[in-house]
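**Q** Got a sequence here, can you build the structure:
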Amino acid sequence: MSSKSKNMRTLNQALLGEAKQGDTLLNAATRALRADIISGLYPPNEPLRIRALEKRYGISAGTVREALARLGSESLIRADQQRGYSVCPMSAQDVEEIAEMRLLVELEALRSSIANGDDQWEAKLVGAHYLLTRLDSGQDSSQSIDIAVWDDRNWEFHFALISACPSSWNKNLVLMLYRQWARYCYQGMKVQSFGELHREHRAIFDAALARDADTACDLLREHVMATAARFSVSVTAPE
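**A** Okay, the predicted model is just below:
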């Protein structure tokens, strides 16, 4: 085996090791690139060069292009025939629009999920909240966490809340909006403590588990709007 092949194999194994058990290399690469975009390693409007991504993630050009295509469908990356790939921009107007759309679909899904949830739903919600809490309550800032792990656990908690909603279309829309939302959420962490985030999640969790749909929806609305406000503050805060 050549040195180049050996290095490629080692990098691929390391990348897969960061992903969930059973993931393919493509899934692992997509997850890693998504985390790098969410964290700001690749900031808004940053060009994404195929060669540079091959080198960073230790994957082939074909796998890079497939990962970029997936993230394009999540509106994290845009493709231009002349300029190639780049990270989608972020703006205060966008976060307001995404927040409005997220609340439009997610509040209805949450209300339906609470009404339809059974013991298995409760168990799933408890487990997702426990895993997220281990991050939320044990960190002082966004700089000290594994962004891919945080993104997974934050999504798994929010999905667990709505998972008993019978509408697959509704849940798919929530996922689509969340993928774009995660960038704004992480950016907003720069001006808040994880303790604050933990308290918001805990309050939503307690209301959902108590089957108090009105309170759970009110708290989720406050959580989403607080995230949008934190993003607006973060873009004007000094580094």
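**Q** Which residue is the nearest non-sequential neighbour of residue 153?
**A** Of all residues beyond its chain neighbours, the one nearest residue 153 is residue 132 (4.5 Å), with distances taken as CB to CB, 6 or more residues apart in numbering. Heads up, the C-betas are built off the backbone N, CA and C, glycines and all.
**Q** Sketch out the helices for the protein, chain order is fine.
**A** If you assign secondary structure with DSSP state H, the helices in the chain sit at 3-18, 25-39, 50-57, 61-73, 92-116, 119-136, 147-162, 168-188, 194-209, 213-234.
**Q** from the middle of its chain, how far away would the longest one be?
**A** What it means is helix 92-116. 15 Å (CA atoms, centre = their mean, to the nearest Å).
**Q** and if you look at the last one?
**A** Using CA atoms, centre = their mean, the distance from the centre of helix 213-234 to the centre of the chain it belongs to is 16 Å.
**Q** One more: the fourth one?
**A** Relative to its chain's centre, helix 61-73 lies at 17 Å (CA atoms, centre = their mean).
**Q** what mean pLDDT would you report for it?
**A** On average, the pLDDT along helix 61-73 is 94.
**Q** which residues make contact with stretch 76-96 from outside it?
**A** Among residues not part of stretch 76-96, those counted as contacts by CB atoms under 8 Å, 6 or more residues apart in numbering are 34, 37, 42-50, 68, 71-72, 75, 179-180, 183-184, 187, 228, 231-232, 235.
**Q** Tabulate the helices of the chain in a markdown table, adding columns for distance to residue 83 and mean neighbour count.
**A** Compiled in a markdown table, the helices of the chain are given as follows (distance: least, CB to CB, whole Å; neighbours: other CB atoms under 10 Å):
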| stretch | distance to residue 83 | mean neighbour count |
| --- | --- | --- |
| helix 3-18 | 27 | 13 |
| helix 25-39 | 17 | 21 |
| helix 50-57 | 13 | 16 |
| helix 61-73 | 13 | 17 |
| helix 92-116 | 20 | 18 |
| helix 119-136 | 37 | 16 |
| helix 147-162 | 27 | 21 |
| helix 168-188 | 21 | 19 |
| helix 194-209 | 36 | 18 |
| helix 213-234 | 26 | 18 |
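**Q** Which of these has the lowest mean pLDDT?
**A** Sorting the helices of the chain by mean pLDDT places helix 3-18 lowest, at a mean of 44.
**Q** ok, residue 233 to residue 47 distance?
**A** Separation of residue 233 from residue 47 (CB to CB, to the nearest Å) stands at 28 Å.
**Q** If anything else comes up later, I'll come back, but that's it for now.
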